[in-house]
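Trainee: when you get a sec, could you give me coordinates for this:
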Amino acid sequence: MDFKSATKKVLDDFALIQARKKCLNGKHCPEAEPEAAALILADVYANLPAAGVANRLFWATDILTMFRDTGTAWEVVGAQWYMREIHTQKFAIATTTLTTGYVWYSPIQVPRTVTVDGIIVYHDAIAAGNLYIALYDHLGYLPNNRLAVSASTACNGPNRSQFVPFANPLRITPNVYFAAIESDNNLDSYVSALLHVAFCIPADVGHGLKWFYQNLGAYLIPPVTATPTYADDMYQCLLMSLRISSIP
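Mentor: Predicted coordinates for the structure are as follows:
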C-alpha cells in the first residue's frame, strides 16, 4: 500500500470512529451506516434520542425495555401488541354484591412495562349505582399506595362490561398491583371469584396472592394509603381488567 492509500485509510477509519461516537451520543449519523445499525445505546427512557438511524437499538435501563429505531420512529422490540388487558387473579364465574362504603382490592400481576388508562369491570344482573375504581401498589403483597383513581362513575347497566378511566394514564413496571373497586349501592352485583376459600387460608403470601377489603364507612374516594383487612370470603375477588393504552 502506498503512502497516499495508507493515509486515506487512516483518515477514513478516523472518520468512522468519530461517526460511531456521534451515534453513541444519540446523534443522527448517516455517515456511519450501515455500521451504526449494530449499535446498542443504553440509558434511562427519558434520554431516548430522536429517531433517525434505522435499526439502531436503545435499551431503557429504568423500564427494562428494548427499542428499535425504524429511521423515523422508535418501536418496542418484541412488543406484545396483542396484550390489551391484564386480568385480576383467582377468579371464576360467580357474582357478588358490594357493601356500600367498602373498597375491595383484587391482586393483579403485570408482566411488562405498560401504560394503563383505566379498569374494565364486569356487571352482573344489577347495576344501579355509582362506582370508583383505583390502582394500588403493594407492600408485602398487601395493597399500599394509590397510584391512580377514577372519578365517581355511573354504572352503565346490567350484564355488561364497563371501562372506567383513570383521571390520568399511568406507566407501570412489572410487579404486583391491586385493582380496587367501590360501589355506592349494595344491590350492585359483579362477576367475582368462586370456591377459592379453601386456597386462601391461612392469609399469607406463601399460599398465593390474596384479596382484601377496607371499610370506609361511607361512599368515599378510595384512600391514598390503604389499610386493608384480609378477605377470607370466597366471593370478594372481583374480575377486573387493567386496560393497556400503550407499550410501554
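
Trainee: just the element for Ile244, please.
Mentor: strand 240-246 (DSSP states H and E).

Trainee: in that strand, what's buried?
Mentor: Buried residues in strand 240-246, counting neighbours by 16 or more other C-beta atoms under 10 Å, are found at 240-244. Every C-beta, even on glycine, is put in place using the N, C-alpha and C of the backbone.

Trainee: I'd like the next helix or strand past the worst-scoring helix or strand of the chain on mean pLDDT.
Mentor: In the chain, the helix or strand scored least confidently by mean pLDDT, DSSP states H and E is helix 197-200, which has a mean of 51. Using DSSP H and E, the helix or strand that follows helix 197-200 in sequence is strand 212-215.

Trainee: tell me what that next one is packed against?
Mentor: Under the contact criterion of 3 or more C-beta pairs under 8 Å, 6 or more residues apart in numbering; DSSP states H and E, strand 212-215 touches strand 102-110, strand 229-230.

Trainee: name the strands paired with the shortest one and say parallel or antiparallel.
Mentor: Within its sheet, and counting by DSSP bridges, strand 229-230 is paired with strand 212-215 (antiparallel).

Trainee: hmm, back to that, between the buried residues of strand 240-246, which is nearest Gly217?
Mentor: Met240 (23.2 Å; C-beta to C-beta).

Trainee: follow-up on the earlier one: what strands line up against the strand holding Ile244, and which way round?
Mentor: By DSSP bridges, strand 240-246 pairs with strand 85-87 (antiparallel), strand 114-122 (antiparallel).

Trainee: can you show me the CA trace of that strand as CSV?
Mentor: Extracted C-alpha coordinates of strand 240-246, given in CSV (Å, rounded to 0.1, in the frame of the first residue of the first chain):
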residue,chain,number,x,y,z
MET,A,240,-61.5,-6.7,36.6
SER,A,241,-59.2,-6.0,33.7
LEU,A,242,-56.5,-3.3,33.7
ARG,A,243,-56.6,-1.7,30.2
ILE,A,244,-53.4,-1.1,28.4
SER,A,245,-53.3,2.1,26.4
SER,A,246,-49.7,1.8,25.1
